[in-house]
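Engineer: structure of the sequence below:
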Amino acid sequence: MAIASYLMRREGRYSLQIRYSRSLSHLTGRALYRVSLMTSDYHTAKLRLVECLRWFHKMNNSDDMLLSVQIIDSQDSNFWKLDLHDQDRCLRDLIQNQFGEFVSDAWPLQPERLFARKKFVRWYQSLAERRPDLSWNFILNGRDRGATRRRFEQQNDDAQQYHHERSVVDAFENGRKSILQATAHRVIPESFSHSLAASITPSLVPELSDVGDIAQGNGQPVVSHSVKSSVNANIRVSDALELYLERMRLVRKSEDSLSLMSLIIRFFIDEFEDPVIRKISRDDILSLERMLPEIPNLTGIPKKHKATLSTRYRYAQANGWDGLIRLTEERIRKSYHSSLSIFFGWLIEEGFYLGKKPVFNYVSDENLVSLPRDSFSDDEVIEIISMPLFTGCAGQSRIWKPGQFFIQTHLYWAYILLLVTGLRPGELGQLRLDDLVWRDGFWYLNLRGFDPTKGRVAIKDVVTFKTPSSQRVIPLHPLITDLGFLDRIDGLRKIGCPVIFPEWEPYPKPGGALRWGQPITKSWQYLKTKTTIQRKDVTMYSTRHWFADLIDGTDISERARKRLMGHVDKNDIPSGYGSKSRMTVRDLGELANANSATIEAMADVLLSAKKRAETSELERLEPWLSRVNWSSYYREKTG
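Structural biologist: Predicted coordinates for the structure are as follows:
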């Protein structure tokens, strides 16, 4: 029998394989779209194939996409001469229309249709990962996704639960019929051939999730709710991971934690050939645990081998450890071991894994100890703020070379704010003009997800923080206002910009989450090569430690210190009472007078440069007041 078009069979399982059109090939960087149909049954494979082709052909044969290609020269190299805005618009319309079609599906959703919907999401996310520069990467996949996308995800979750429960009921009924048939043919011994209905009680059926699951109808048991059964017998790790990520995103689990989970579970999938979960043995667990310490750090790994943990692991196995660096003990324990423990715990709860929960604790003696972060020394702080960015640089694109320009860029303020406010690097890029408030004779940075004085807002509009206690208010040190921080605020407000640092470009991670600390951490990686700072235990986060040392030199209360640092313990109930938007007058005075010798030396250097700009000795530039100098993220976000 001839196999259907676009079907490929390998090792007994079927996959869809189809060639991309020229337009999509340019976007994806691949000639073929290949995806597993997750079955070895030919009939099921054909049904899933048909449903997948319904959406794929719309993406692949779009008239708009073909027209976009025909507009330009036929040579492939000229494809990207198209206006990116036109490409964005076309792709956004295609994807949004497909989501709209999916949410109009009738209930109950057929299993093959549900399968195709999931594959569409995976295709879309994969495309977004490869092209993070395109605007639709976060329009549908990040915090800005609309009601249609949320409804689509809820439909998938409801349909998944429905088919799970239906499969369980079918499996139970099939088993019951088999037992009745066996009884009728006296397979069961005569001494045990009493009423089957009477023998099925809650105590003898531990798989039932509720006693109410059994009801008597015509003398036979009827199952009405979910039952753990052999329906999960053939689910593979990749299928379970996909389901886990879908479930966790519905409850708004941190994308950072989901990205880490995906990273280590895909290592398991790659190295153990995506095993059936119920066939995972104790030896497999031990082997996985022993492999983790043999994964090298990214340092020294060629670019083509950096894609996954598996490619890094295989490179080290094939080429040895010369020039490579081991992972730290903390990375293995707190990241990989913890994620695996959480994932296997979830597998057990779902009934996918029937063994005891594995315990991961092995770390090799060859792995590295973690370096505790130290604060900058006072001399190192002065060296940093004496660089050309702060004293006079060569231009907007040459801020680390001495010159005749005074430019208070987002990086200028980033270093100063980190030092004298204790902000985390990832908190800078999201600062809004409205986060700056005047109260009690002081200017505050009001770091909160939203302004509660204005009422509730949509979840998608809430600014996210590292922890709930990270939402806090921070009084600005007088040095910040003396340097003209309020002038930046006024200038941006006049042109209608809502954020303090519109130049800030966040880094989109796989899955759509944004990493906000990227610009300042990348800047520090370059800047430290221009200084004499060689210590390995200082990072950009060391500014926060330096600020902690600064306030420890005052008589500020412990309660205020915790709030300033965003370290309030969720179990520390007393510290949660009181005003959420101000500090006591006493603590404000202590913070405002936190003038160490280093603060005074910083003021001398920084204010001297500002004075030179005011007397025209240095030429002042304000590039942030022009939209052309804003990041692509904020240009898109502000329209």
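
Engineer: residues near the spatially closest residue to A513 that is not a sequence neighbour, how many?
Structural biologist: Computed as CB to CB, 6 or more residues apart in numbering, the closest residue to A513 that is not its neighbour in sequence is E255, at 3.0 Å. The way it works is simple: take the backbone N, C-alpha and C, and place the C-beta from them, glycine included. Per other CB atoms under 10 Å, the neighbour tally for E255 reads 22.

Engineer: surely E255 is in contact with S262?
Structural biologist: No: here E255 does not reach S262: they are 10.0 Å apart, not a contact under CB atoms under 8 Å.

Engineer: where does pLDDT dip in the stretch 201-350 of the chain?
Structural biologist: 201-233 (pLDDT under 70).

Engineer: and the strands in it?
Structural biologist: Assigned by DSSP state E, counting those that start in this stretch, the stretch 201-350 of the chain shows strands spanning 214-217, 220-223.

Engineer: do the chain as well
Structural biologist: 7-10, 13-19, 32-36, 214-217, 220-223, 405-407, 436-439, 442-447, 472-475, 507-508, 514-515, 619-621 (DSSP state E).

Engineer: what's the second one packed up against?
Structural biologist: Read that as strand 13-19. strand 7-10, strand 32-36, helix 42-60 (3 or more CB pairs under 8 Å, 6 or more residues apart in numbering; DSSP states H and E).

Engineer: any idea of the mean pLDDT in stretch 600-619?
Structural biologist: For stretch 600-619, mean pLDDT rounds to 94.

Engineer: kindly report the same for stretch 44-53.
Structural biologist: On average, stretch 44-53 scores 91.

Engineer: contact partners of that stretch?
Structural biologist: Contacting residues not belonging to stretch 44-53 are listed as 4, 6-7, 14, 16, 18, 35, 37-39, 112-113, 115-116, 119-120 [CB atoms under 8 Å, 6 or more residues apart in numbering].

Engineer: repeat that with 6 Å
Structural biologist: With CB atoms under 6 Å, 6 or more residues apart in numbering as the test, stretch 44-53 has contacts from 4, 7, 14, 16, 37, 39, 112-113, 115-116, 119.

Engineer: in the stretch 401-550 of the chain, where is pLDDT below threshold?
Structural biologist: 448-471, 510-512.

Engineer: just the helices in it please.
Structural biologist: 410-421, 478-482, 485-494, 518-527, 542-552 (DSSP state H, counting those that start in this stretch).

Engineer: buried residues in the third one, which are they?
Structural biologist: Put plainly, it is helix 485-494. 485, 488-489, 492 (16 or more other CB atoms under 10 Å).

Engineer: let me see the domain layout of the protein.
Structural biologist: For the chain, the structural domains run 7-73+81-150, 237-350, 378-637, going by automatic domain parsing.

Engineer: would JSON lines of these with distance to N156 be doable?
Structural biologist: Conversion of the domains of the chain to JSON lines gives the following (distance: least, CB to CB, whole Å):
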{"stretch": "domain 7-73+81-150", "distance to N156": "6"}
{"stretch": "domain 237-350", "distance to N156": "7"}
{"stretch": "domain 378-637", "distance to N156": "16"}
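
Engineer: which among those is found nearest to D170?
Structural biologist: Ranking the domains of the chain by proximity to D170 (CB to CB) places domain 7-73+81-150 first, at 12.3 Å.

Engineer: now do the closest one: distance from first to last residue.
Structural biologist: Terminal residues of domain 7-73+81-150 are spaced 32 Å apart (CA to CA, to the nearest Å).

Engineer: so how far is it from its chain's centroid?
Structural biologist: 21 Å (CA atoms, centre = their mean, to the nearest Å).

Engineer: let's have the chain start at 578 instead
Structural biologist: Got it, the first residue is 578 from now on, which makes the last one we talked about domain 584-650+658-727.

Engineer: neighbours around A622, how many?
Structural biologist: 24.

Engineer: just give me the neighbour total for M868.
Structural biologist: For M868, the count of nearby residues is 18 (other CB under 10 Å).

Engineer: my error: substitute G897 in the last question.
Structural biologist: For G897, the tally of surrounding residues (other CB under 10 Å) stands at 9.

Engineer: ok, the closest residue to W1020 other than its chain neighbours to L1060 distance?
Structural biologist: The spatially closest residue to W1020, leaving aside those adjacent along the chain, is L1053, at 4.5 Å (CB to CB, 6+ apart). Remark: distance between L1053 and L1060 (CB to CB, to the nearest Å) = 10 Å.
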